[in-house]
Structures are given as structure tokens and as C-alpha cells.
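> Whatever this is, show me its structure:
(one chain, ligands or ions: 2)
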Amino acid sequence: MRESDSRLLAFPGAAELRAASKVKPPLFSDPRSLAVLALLDRVAPTDVTVLLSGETGTGKELAARYIHERSRPHGPFVAVNCGAFSESLAEAELFGHEAAAFTGAQHARPGWFEAADGGTLFLDEIGDMPLYLQVKLLRVLQEKQVVRIGARRPIRVDVRIVAATNVDLEAAVRARQFRRDLYYRLNVATVQLPALRERPGDIVPLARHFIEMQARRLGIEGAGLSPAAAQTLTRYSWPGNVRELENVVSVALIMSRGGLLEAGDLRLGAFADASPQSAQADCPPADCVADNAITTIEQGLRDLLDVGEQAIYERVERLLLSTAFGHCGGNQVHTARRLGISRNVVRAQLKRFGLLGREAAAAALGDVGTA
Ligand SMILES: Nc1ncnc2c1ncn2[C@@H]1O[C@H](COP(=O)(O)OP(=O)(O)O)[C@@H](O)[C@H]1O
Ligand SMILES: [Mg+2]
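Ligands and ions are numbered 1, 2, ... in the order given. This next block holds a predicted model:
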């Protein structure tokens, strides 16, 4: 291991630690999440270990910071992603090392446990921690002391542990990927953060909250959510949960003209898994418009399926053809090119839908969009 490697997981600086401690109150409106909030309020002032479980983007880290803010007089909040450790660095990162403990370790360094002394150590994605480290972690939790690599004497640490997982730890225990004894040690107070689709009452208030924050950042006046857009958001299943909602409305606000978000501005499903930065960076405007359109169509199709509309296939095919035909001014060759199909197919379809005669075509051009 080289000393420079360890910068990958270097401690947050003092400024970051201060910023991290200023957590905005989370937004909870749905009865299910109000119950979660009540539970967080109950466990926070104690010093029990808390295990937060929930899908990615449900607000586990936010909940951990919330707990930290309300715990006993506290030191720093230190967040560690247990899935991001490289095998060779993990132990030194967690428990620290003495000078010359290994090649390249010129100076002694404290580990995450010492950094969090008097505060909260947030062990994120604990289910990803390798088994050999789980043993060492368990020992530290039991003995409340760490031994730096290369050191003889243990150092006492007073750290509140909040762990988070998006995998079912009980199943991981059964599959022998997670130690049962560590699981019991962590599973003192468990708070399950429900998926966003299980608390639909949060969707619109959260969307408005993110719109307001993003609008302030971008200096957009009169930003808001149209009733149709609110309905679209409420119907969607949010596989990426609150993080996805935050991304969707942030990007929509950037792409929208006037700040009032319409259903068509929302790119649902486009980045269930992406960070806000990458979602924005990967989005050339033309592609965004195309993606928006596909999302809108998809939503429309879902609505048709929901309401039990008859002969959807036939109607949608007719709509596609008549819309393209109208868009191309009744020119079959252009229509074929825009749709990426052969002229013969266009002709056959026009005939099938009774759009071929001059009068029929005129009627079709007139009723584009309502077929
Ligand atoms: N109840 C909430 N109120 C306000 N923002 C929230 C809420 N829940 C989640 N968020 C925001 O959603 C994003 C994802 O939350 P995070 O805590 O990182 O989720 P997880 O750790 O479960 O993946 C963050 O930007 C967070 O601030
Ligand atoms: Mg997280």
C-alpha cells in the first residue's frame, strides 16, 4: 500500500465536517414517513446503535445525519462507504496506522473511528463490508477501542454507530456473506425507510421542495409544478426513490422554459440510478427533448392501459402514421423516411387506415393528434 493511495479515502476536512453538521430538516408528509420520523426522534437522543435499511435513495444518509444532530453533545459526523474500500486500504482507513507500519506509510494516521471520536460514525453500505473486516469491526464495537496497524496499545474511542444497508442483511447472514454476531450487534434499533412509491404523500411536497431549492440556485422566478405534472410524478414508481425525484425535477427545471414544470418536461426513468451531475452532463438538449417525448408517450400508453382502453394497438399505430403523414405534408416518401420504414409499408398502412384517398388524407391531416 502506498501513502498516496489513502488520499482516495482521505478524511473530510474540518470545513466539510462543519458543513455536514448543518443538516436541513427532512421533509416528511406521508403518514408512513411521519411514523419513521417519530422513530428517529425516539432513538436519536439515546446512544444505541441504529441500523437504517431501505432501497438506495430513500434517505438513509439524511436520516443518519438527522440522528446525529439530535444525539447527545456531539463531535463530528463521519460517513464511510464500506463498499468503496479497497481490500489493502480498508483496515488502515478504519483503524489507522503508525508510521512505517507498511511500505509508504511515512506518517502515523488516525482511522475513521478516531476521527469520529465523540460523534457519529456512519457506516454506509455495511452489507458490502468484506468478511475479514467484519470480524475486526465487531471487536472494535465490543471493546470500544481501536488498535492502529503497527501499534501495540489500543486507543479508546467513544463513537455512536449508525449503519445503513440497501441489501437484506438477514438474507446475507443466511447466505454466509454477513456475520451473524455482527448483525446482532448492529441490529439494536432498526429503522426501515420505505420506498418512495410506498409513501406517495411525500412525492409532491418533496418535488416542490426540490424545485424551490433548484430555482433559488438558478435564479428562476415563478418556478412550480403544473397539476398534470404533479399527477405524473405521483403515478410513477420511483425505483431510484427520493434521489431520482430530485434529479428528475432538477433537470426538468433546467430544460423548462418558464420554470413551471409541465408533464412533458419530466424525463421519468431516464436516470433512476444516476447522480445529479452525470444526469445533467449526459444530456445534450436534442436528446433531452427526444427522451422527454418518449417518456410522455410511455406515460400516455400506461394511462390507456390503466383505463382499459380498447384496441390500443390499432389506435396507436393509426395515430403514429397519421401524425407523421400530416407532419410531412401528405408526402409518402418523406413519411417513410421520417418513420424509418419503407414506402410500401407506409402505403399499405395508409390504405389500411383509409387514409389514402385525397379526401381521407385531408381528413386525417385535420384530425392529427386525435385519432
Ligand atoms: N425526506 C427527505 N427530505 C428532503 N430530502 C430528502 C429526503 N429524503 C431524501 N432526501 C434527499 O434525497 C437524496 C438521497 O438521500 P440519501 O440520504 O443520500 O439516500 P440513501 O442514503 O438512502 O441512498 C439526498 O439528496 C437527500 O438530501
Ligand atoms: Mg446513501
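> The helix or strand hosting residue 252 and ligand 1 in contact?
For residue 252, the host element (DSSP states H and E) is helix 241-255. Yes - if you take CB under 6 Å from any ligand atom as the test, helix 241-255 does meet ligand 1, through 242-243, 246. The C-beta positions use only the backbone N, C-alpha and C, and glycine is treated the same way.
> CA atoms of that helix as PDB?
In PDB, the C-alpha atoms belonging to helix 241-255 read as follows (Å, rounded to 0.1, in the frame of the first residue of the first chain):
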ATOM      1  CA  ASN A 241     -36.600   6.900  -4.800                       C
ATOM      2  CA  VAL A 242     -36.000  10.400  -3.500                       C
ATOM      3  CA  ARG A 243     -32.700  10.800  -5.200                       C
ATOM      4  CA  GLU A 244     -34.300  10.100  -8.600                       C
ATOM      5  CA  LEU A 245     -37.100  12.500  -7.800                       C
ATOM      6  CA  GLU A 246     -34.500  15.200  -7.000                       C
ATOM      7  CA  ASN A 247     -32.700  14.500 -10.300                       C
ATOM      8  CA  VAL A 248     -35.900  14.500 -12.400                       C
ATOM      9  CA  VAL A 249     -37.200  17.800 -11.200                       C
ATOM     10  CA  SER A 250     -33.800  19.500 -11.200                       C
ATOM     11  CA  VAL A 251     -33.200  18.500 -14.800                       C
ATOM     12  CA  ALA A 252     -36.700  19.400 -15.800                       C
ATOM     13  CA  LEU A 253     -36.300  22.800 -14.300                       C
ATOM     14  CA  ILE A 254     -33.200  23.400 -16.300                       C
ATOM     15  CA  MET A 255     -34.900  22.300 -19.500                       C
END
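> And it, what does it pack against?
Packed against helix 241-255 by the contact rule (3 or more CB pairs under 8 Å, 6 or more residues apart in numbering; DSSP states H and E) you find helix 203-218, strand 260-261, helix 276-281, helix 285-306.
> pLDDT for the residues of helix 241-255 next to ligand 1 - can I get that in TSV?
Listed next are these as TSV, based on pLDDT from 0 to 100:
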residue	pLDDT
242	96
243	94
246	94
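> what does the protein have sitting close to ligand 1?
Proximity of the chain to ligand 1, by CB under 6 Å from any ligand atom, involves residues 26-28, 54, 56-62, 206, 242-243, 246.
> Please report which of these has the highest neighbour count.
residue 58 (27 neighbours; other CB atoms under 10 Å).
> tell me the pLDDT at that residue?
pLDDT recorded at residue 58 is 96.
> Next, the contact list for it, please.
For residue 58, the contact set (CB atoms under 8 Å, 6 or more residues apart in numbering) comprises 193-196, 241-242.
> What is the nearest of those to ligand 1?
residue 242 (3.6 Å; CB to the nearest ligand atom).
> that older thread, which of the helices and strands packed on helix 241-255 comes out lowest on mean pLDDT?
When these are compared by mean pLDDT, helix 276-281 comes last with a mean of 36.
> Tell me which residue of the stretch 51-200 of the chain lies closest to ligand 1.
Residue nearest to ligand 1 within the stretch 51-200 of the chain: residue 59 (2.9 Å; CB to the nearest ligand atom).
> Kindly state the domain boundaries assigned to the protein.
Domain ranges of the chain: 3-194, 198-306, 312-366, per automatic domain parsing.
> Any stretches of the stretch 101-250 of the chain with poor pLDDT?
For the stretch 101-250 of the chain, no stretch has pLDDT under 70.
> Let me see the ranges of the helices in it.
Taking DSSP state H, counting those that start in this stretch, the helices of the stretch 101-250 of the chain run over residues 112-115, 131-143, 169-174, 180-186, 203-218, 227-235, 241-255.
> closest to residue 85 out of those?
Of all these, it is helix 131-143 that lies closest to residue 85, at 7.4 Å by CB to CB.
> in that closest one, what counts as buried?
By neighbour count with 16 or more other CB atoms under 10 Å, helix 131-143 contains the buried residues 133-134, 136-138, 140.
> start to end distance for stretch 88-102?
11 Å (CA to CA, to the nearest Å).
> And for stretch 149-161?
This stretch, stretch 149-161, spans 21 Å end to end (CA to CA).
> Kindly report the same for stretch 50-62.
Span of stretch 50-62 from end to end, CA to CA: 13 Å.
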